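[1] how would this look folded up:
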Amino acid sequence: MREQNLQYVLDRIAIQELAVEYGQAIDYGQDTGDWSRWSNVFTPEVTADYTRFMGTELLTLTREQMPEVAKAGLRSFKRVQHATAMSVGIQFKSDTHAEVMSYAEVAHYFPLGGIQQEWTIIARYTFSVEKTPGGWKIRKVLLDPIHYRGNMLGLELVQGKRIV
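    Numbering: from 1, shown residues only. Alright, predicted model coming up:
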């Protein structure tokens, strides 16, 4: 068990903020085209497990490649909003490694026949994080869908379907 001192508290806060930043930085990248915030949440090499969600294989990429994954999945959406729960579960494995679990409700907005559509995923994110000279960063991410609601075409769009 890790000693629960001031550094422990500071690390917990930093990891909670990292879990929230993961989602907010995606939203920012989608809105502005600037994906640098999202790249910055990762270690130089990251493992991304979106297999349960997007039907893709397990990916091992550089942090600079990660925005391409997000852009491909979000290309059909006008806006995305990650509402990440602040109740983040953190299990320290050492002073520099932790396993993190957080929940998010992510709304995706897209037009269809001139009518605004919404598709939402309720998901659990599991992150393996490590403390680096630049702060806590995500080394591995697993997205586990729990529930979907709204226009289910949204799931097909994430998985690569195009509206013609």
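[2] downstream neighbour of the top strand by length along the chain in the secondary structure list?
    Taking DSSP state E as the assignment, the strand of the chain that covers the most residues is strand 115-132. Moving toward the C-terminus from strand 115-132, the next helix or strand (DSSP states H and E) is strand 135-150.
[3] Counting neighbours, which bits of that next one end up buried?
    136-143 (16 or more other C-beta atoms under 10 Å). For every residue, glycine as well, the C-beta is placed using N, CA and C.
[4] Okay, angle between that strand and strand 115-132 too, please.
    Taking axes from the mean of the first three to the mean of the last three C-alpha atoms, to 10 degrees, strand 135-150 and strand 115-132 form an angle of 160 degrees between their directions.
[5] Mind listing what's buried along the lowest-mean-pLDDT helix or strand in the chain?
    Within the chain, no helix or strand scores below helix 51-54, which has a mean of 88 by mean pLDDT, DSSP states H and E. Buried residues in helix 51-54, defined by neighbour count with 16+ other C-beta under 10 Å: 53-54.
[6] which element follows it toward the C-terminus?
    Helix 51-54 is succeeded, C-terminally, by strand 59-62 (DSSP H and E).
[7] Each with direction, which strands does that following strand pair with?
    strand 42-49 (antiparallel) (DSSP bridges).
[8] Show me what the partner strand is in contact with.
    Counting contacts by C-beta atoms under 8 Å, 6 or more residues apart in numbering, the residues outside strand 42-49 that touch it are 58-63, 66, 69, 128, 130, 132, 137-143.
[9] hmm, 10 Å instead?
    22, 39, 54, 56-66, 69-70, 126-130, 132, 134, 136-144 (C-beta atoms under 10 Å, 6 or more residues apart in numbering).
[10] Figure out how far it is from the centre of its chain.
    Distance of strand 42-49 from its chain centroid, counting by C-alpha atoms, centre = their mean, to the nearest Å, is 11 Å.
[11] Go through that strand and flag the buried ones.
    Buried positions in strand 42-49, judged by neighbour count with 16+ other C-beta under 10 Å: 42-43, 46-49.
[12] which of those lies closest to Q7?
    T43 (20.4 Å; C-beta to C-beta).
[13] Now R12: which helix or strand?
    helix 6-32.
[14] low-scoring stretches of this structure, by residue?
    The chain contains residues with pLDDT under 70 at 1, 164.
[15] let's see it at 80
    1-2, 86, 163-164 (pLDDT under 80).
[16] Nothing else from me, thank you.
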